[in-house]
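In: I'll drop the sequence and a predicted model, then ask my questions.
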Amino acid sequence: MSIRKTVVAGSFYPNDKNELLSLINSFSKSEIKSIVKSEFRHINAIITPHAGFTYSGRLSNLSYFLASKQNPKRVIVIGPSHNALFEGSHICLDEMYETPLGNIEVDLEFSKTLKSKYTFINSNEECAFEHSTETQAPFIKHYFSNAKIVEIIYAKQDFNILSDVIDELIKDENNLLVISTDLSHFHSLEKAKELDTYCINAITKKDISLLEIGEACGKIGIKAILKTAVKKSLKTKVLTYSTSYDVNNDKSRVVGYATALIGK
């Protein structure tokens, strides 16, 4: 049996099951639950960060917790490549996806169908070391224990083409899409907040042009989901925003994080 092994367990998040569960359970689950509950009949997608859980886990947990009121058949994680440069997108064709909380079954048949249907989707072994998607897996296992996972990692990718795939995926309410991204990287606190405001407003207003001013490592994924949201008349809501400064008090090299819901 082929397994997509963890590569950032023990660094981005705990490798010990009990320690990881304790950390996830320590994150606030009710901070904005009452605000969002009445706004969405169905959550089609979430935008969530992929930094170490100490920095961004609380934000990710909010969107996963709210989406957990549904029971998706599969969770499709779409994230940027940080380690390999290639044309198009990679899809995981292993049978299982390892997490400290237990393995997640990869929806292999579904993944192979996507690969055969869209010529820009390939299988690239170098992508096995990508953290933007792996950091989502513990939340998926915790909140959607019966769901299968599909992992798509993009590099040199036209967001319009990626949006075409999202258009198809979002039709099925058994699918939950996860768009993985952090925001600005290594600016002063003031500059980080300035840049991140553009990305937050882009999501809130569904205005892709604002992303050209802002900064996000997963900008392609955000553009793709926003194009679909406009086309499908979906609502967007940014849940919360924070920076690395909130954790380490370093104003000189700040990273920004946000999480959002997209749905009906």
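Out: On my side now, so go ahead.
In: which intervals of the stretch 1-150 of the chain have sub-threshold pLDDT?
Out: Scanning the stretch 1-150 of the chain for pLDDT under 70 picks out the ranges 28-38.
In: all helices of it, in order?
Out: 17-26, 33-37, 53-67, 108-117, 131-134, 137-143 (DSSP state H, counting those that start in this stretch).
In: nearest to residue 188, of the ones you listed?
Out: helix 53-67 (17.3 Å; Cβ to Cβ). (C-beta placed from N, C-alpha, C; glycine too.)
In: can I get the helices of the stretch 1-150 of the chain in JSON lines with distance to residue 230 and mean neighbour count?
Out: Shown next, in JSON lines, are these (distance: least, Cβ to Cβ, whole Å; neighbours: other Cβ atoms under 10 Å):
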{"stretch": "helix 17-26", "distance to residue 230": "33", "mean neighbour count": "15"}
{"stretch": "helix 33-37", "distance to residue 230": "21", "mean neighbour count": "11"}
{"stretch": "helix 53-67", "distance to residue 230": "20", "mean neighbour count": "23"}
{"stretch": "helix 108-117", "distance to residue 230": "23", "mean neighbour count": "14"}
{"stretch": "helix 131-134", "distance to residue 230": "24", "mean neighbour count": "24"}
{"stretch": "helix 137-143", "distance to residue 230": "27", "mean neighbour count": "24"}
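In: out of those, nearest to residue 246?
Out: helix 53-67 (8.3 Å).
In: residues in contact with that closest one?
Out: 12-14, 23-24, 27-29, 31-33, 36-37, 40, 43, 46-50, 135-136, 139-140, 142-143, 176, 182, 239-242, 244, 247, 255, 257-261 (Cβ atoms under 8 Å, 6 or more residues apart in numbering).
In: buried sites along stretch 205-222?
Out: Within stretch 205-222, the residues scored as buried using 16 or more other Cβ atoms under 10 Å are 206, 208, 210-211, 214-222.
In: and for stretch 178-196?
Out: Buried-residue list, stretch 178-196, by 16+ other Cβ under 10 Å: 178-184, 187, 189, 192-193, 195-196.
In: one more: stretch 165-173?
Out: 165, 166, 169, 170.
In: same deal with stretch 66-83?
Out: Buried positions in stretch 66-83, judged by neighbour count with 16+ other Cβ under 10 Å: 66-68, 70, 72, 74-81.
In: relative to residue 97, which of those residues is nearest.
Out: Taking those together and measuring to residue 97 by Cβ to Cβ, the closest member is residue 77, at 9.4 Å.
In: contacts only, for the closest one.
Out: Neighbours of residue 77 in contact, by Cβ under 8 Å, 6+ apart: 133, 136, 137, 140, 149, 150, 151, 152, 178, 180.
In: nearest to residue 89, out of the helices of the stretch 1-150 of the chain?
Out: helix 108-117 (9.5 Å).
In: out of the buried residues of stretch 178-196, which are inside strands?
Out: Among the buried residues of stretch 178-196, the members falling in strands (DSSP state E) are 178, 179, 180, 187.
In: report the two of the residues you listed separated the most.
Out: Most distant of these, by Cβ to Cβ, are 178 and 187, 25.8 Å apart.
In: thinking again about what came up before, looking at the helices of the stretch 1-150 of the chain, which is nearest to residue 5?
Out: Closest to residue 5 of the helices of the stretch 1-150 of the chain, according to Cβ to Cβ: helix 131-134, at 9.5 Å.
In: other SSEs contacting the closest one?
Out: Contact here means 3 or more Cβ pairs under 8 Å, 6 or more residues apart in numbering; DSSP states H and E; on that basis helix 131-134 packs against strand 74-80, strand 148-154.
In: what pairs with the first one, and is each one parallel or antiparallel?
Out: Based on DSSP bridges, the strands next to strand 74-80 in the sheet, each with its direction, are strand 148-154 (parallel), strand 175-180 (parallel).
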